[in-house]
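**Student:** Sequence first, then the predicted structure, then my questions.
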Amino acid sequence: MEETSNWIPNAHPILVHFPIALLFVAIAIELTGLLFKKYQQASFIADILIWIGTVFGIFTVISGLQAADSLNVAGEIKNEVDSHSLTGKITIAFFILYSVVRFFRYRKREKIKPAVMISIFLLGCIGLFGIYKTGDKGAKLVYKYGIGLNKK
């Protein structure tokens with residue numbers, strides 16, 4: 001992959017923060033809607049943020065795979081890169097399915113029952129845990145092993 005600039009070797013670290021922010025904010029909006037009994041309005045906003053965050057997430061995973069392919073590492077570091085990659089793939093697969101579920105729920109355009117609202121929120125929290133685990137593994141690659149740091 002061609003260098004993005006002379007200080008950053010690939011697009012992954014630039015892209016990665018967008019889906020994290022969008023998806024965390026979406027679930028926070030859902031929680032706010034649940035707490036203040038404004039779920040219909042909050043859910044619509046969360047749907048849009050989740051769909052956009054998932055699209056950004058797909059591009060982030062693709063850029064991460066390209067970044068991993070450009071690495072020349074072995075042993076423990078290779079295992080850590082593979083673990084981060086697998087966790088990212090599982091997390092984005094989850095959010096793709098979650099986005100589809102939300103899309104079909106949105107298409108029904110009927111009032112959502114409280115049990116369904118809470119279930120959708122809890123599913124989103126599971127996805128956020130996946131983001132947390134993926135980010136934790138990515139941070140370990142950067143801060144423990146120096147992957148992606150342009151040391152001169």
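**Tutor:** All right, it came through fine.
**Student:** going forward, measure contacts between C-alpha atoms and count neighbours the same way
**Tutor:** Noted.
**Student:** Regarding the protein, what is its longest helix?
**Tutor:** Assignment by DSSP state H gives helix 75-108 as the longest helix of the chain.
**Student:** helices or strands up against the following helix or strand past that helix?
**Tutor:** Per DSSP states H and E, the first helix or strand lying C-terminal to helix 75-108 is helix 114-143. Applying 3 or more Cα pairs under 8 Å, 6 or more residues apart in numbering; DSSP states H and E, we find helix 114-143 packed against helix 17-35, helix 75-108.
**Student:** and the angle for helix 114-143 with helix 75-108?
**Tutor:** 150 degrees (axes from the mean of the first three to the mean of the last three Cα atoms, to 10 degrees).
**Student:** Just the buried positions in helix 114-143, please.
**Tutor:** Within helix 114-143, the residues that count as buried by 16 or more other Cα atoms under 10 Å are 117, 120-121, 124-125, 127-128, 130-131, 133-135, 137-138, 140-141.
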